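> Just the structure for this:
(one chain, ligands or ions: 2)
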Amino acid sequence: LAGSPAEGPLAGRHLLVTSGPTHEPIDPVRYLANRSSGKQGHAIAAAAAAAGARVTLVSGPVTLPDPPGVAVVRIETAREMLAAVEAALPADIAVFAAAVADWRPAVFGGEKIKKGPEGPPPLALTENPDILATVARRSGDRPPLVVGFAAETTDVIAHARAKIARKGCDLIVANDVSTAAGVMGGDRNTVHLIGRDGSLETWPTLAKDEVARRLVARLAALANGP
Ligand code: CTP
Ligand code: CA
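Ligands and ions are numbered 1, 2, ... in the order given. So this is what the prediction gives:
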């Protein structure tokens with residue numbers, strides 16, 4: 001019922017999720033982006049809302065509908081995503097499922113770049129802020145539970161283990177995004193859960209909605225303690 005207090009394992013908690021790609025403008029008509037449908041991140045937001053959490057979903061451009069009962073903040077660039085995430089803090093749990101563009105064009109001219117006899121323009125890049133690492137290292141209002149994703153095409157677990165240490169998060173959800181795995185844009189996902197203590201759990205291939213429900217149940221158990 002509208003206005004009734006939320007019930008469920010995440011009642012009273014604020015969960016922040018990033019989802020989708022970011023778009024980094026080259027000029028007014030072109031951009032640089034990662035492949036991302038947003039399906040997994042949006043499914044996590046929906047599952048957390050269903051578990052009673054207040055959910056803020058910071059999303060890059062996707063074609064998905066807003067999940068029911070979720071406050072959606074739409075952004076385009078990584079820098080806008082970081083600002084929206086920081087504005088949404090404090091949170092009890094933060095899940096960084098977005099496929100953030102690691103780089104953006106170093107210069108953004110306000111005018112469309114035209115083709116010409118001099119050939120293609122050079123595209124100088126500069127690094128974007130790491131949103132997950134920035135939030136995981138905040139003092140004062142660091143969310144008690146910070147969850148990252150690791151999209152890898154080779155050596156999934158080794159890369160993910162290195163990432164958890166480098167980024168300072170508590171848990172990493174690692175998946176194989178090599179073309180053969182068919183995760184990108186698809187409805188199913190095979191993930192490994194890697195803990196800061198080195199623990200490893202491999203889940204069977206599941207629908208992204210089911211991965212989201214299981215992950216939310218796990219996060220609720222971690223947040224609510226033994
Ligand atoms: N991430 C982020 N901000 C960035 C880059 C990544 O918040 N600028 C987050 C992603 O949302 C994900 C995690 O960091 O939760 C790992 O992203 P990934 O691209 O796998 O790792 P990178 O550190 O960017 O390393 P690389 O792309 O070189 O593998
Ligand atoms: Ca990256």
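> anything in the longest helix seen in the chain near ligand 1?
Looking across the chain with DSSP state H, the single longest helix is helix 208-224. No. Helix 208-224 is not in contact with ligand 1 by Cβ under 6 Å from any ligand atom; minimum separation 12.8 Å. The C-beta positions use only the backbone N, C-alpha and C, and glycine is treated the same way.
> and that helix, what does it pack onto?
Here helix 208-224 touches helix 39-50, strand 93-96, strand 145-152, strand 188-189, strand 191-195, going by 3 or more Cβ pairs under 8 Å, 6 or more residues apart in numbering; DSSP states H and E.
> V177 and ligand 1, how far apart?
As judged by Cβ to the nearest ligand atom, to the nearest Å, V177 and ligand 1 stand 9 Å apart.
> Same question for R30.
R30 sits 20 Å away from ligand 1, going by Cβ to the nearest ligand atom.
> tell me the contacts of that residue?
Contact partners of R30, counting by Cβ atoms under 8 Å, 6 or more residues apart in numbering, are I113.
> pLDDT value on the residue positioned nearest the centre of the chain, please?
In the chain, the residue lying closest to the centroid (Cα atoms, centre = their mean) is A97, at 1.9 Å. What the model reports for A97 is a pLDDT of 98.
> can you check A180 too?
67.
> Just give me the neighbour total for the nearest residue to A46 once chain neighbours are set aside.
Among residues not flanking A46 along the chain, P67 sits closest, at 3.7 Å (Cβ to Cβ, 6 or more residues apart in numbering). Counted with other Cβ atoms under 10 Å, residues neighbouring P67 total 23.
> quick one: secondary structure of P67?
At P67 the chain is in coil, as set by DSSP: H, G, I helix; E, B strand; the rest coil.
> my guess is it contacts G41, does it?
No. With contacts counted by Cβ atoms under 8 Å, P67 stays clear of G41, the gap being 9.7 Å.
> what sits in contact with each of those two?
Common contacts of P67 and G41 (Cβ under 8 Å, 6+ apart): L57.
> so is T56 in a helix, a strand, or just coil?
Under three-state DSSP, T56 falls in the strand class.
> what about V183, neighbour count?
V183 has 22 neighbouring residues, counting by other Cβ under 10 Å.
> Now tell me which helix or strand of this structure has the poorest mean pLDDT.
Sorting the helices and strands of the chain by mean pLDDT, DSSP states H and E puts strand 188-189 at the bottom, at a mean of 88.
> so where's this structure shaky on pLDDT?
Along the chain, the parts satisfying pLDDT under 70 run over 1-5, 180-181.
> Let me know the outermost residue of it.
Relative to the centre of the chain, the most outlying C-alpha is that of P117, 41.0 Å out, by Cα atoms, centre = their mean.
> phi, psi of that residue?
Per-residue torsions, P117: phi -70, psi -20 (degrees, to the nearest 10).
> Please apply the same query to A136.
Dihedral pair for A136: phi -70, psi -20, per degrees, to the nearest 10.
> Excluding chain neighbours, give the residue nearest to it in space.
G168 (3.9 Å).
> Quick check, the one you found in contact with V146.
Yes. If you go by Cβ under 8 Å, G168 and V146 touch, sitting 7.5 Å apart.
> Find residues that contact each of the two.
Joint contacts of G168 and V146 (Cβ under 8 Å, 6+ apart) are A136.
> neighbour count winner among those two?
More neighbours surround V146 than the other of G168 and V146, with 24 against 17 (other Cβ under 10 Å).
> give the contact list for that one.
Residues near V146 by Cβ under 8 Å, 6+ apart: I93, A94, F96, L132, V135, A136, G168, C169, D170, L171.
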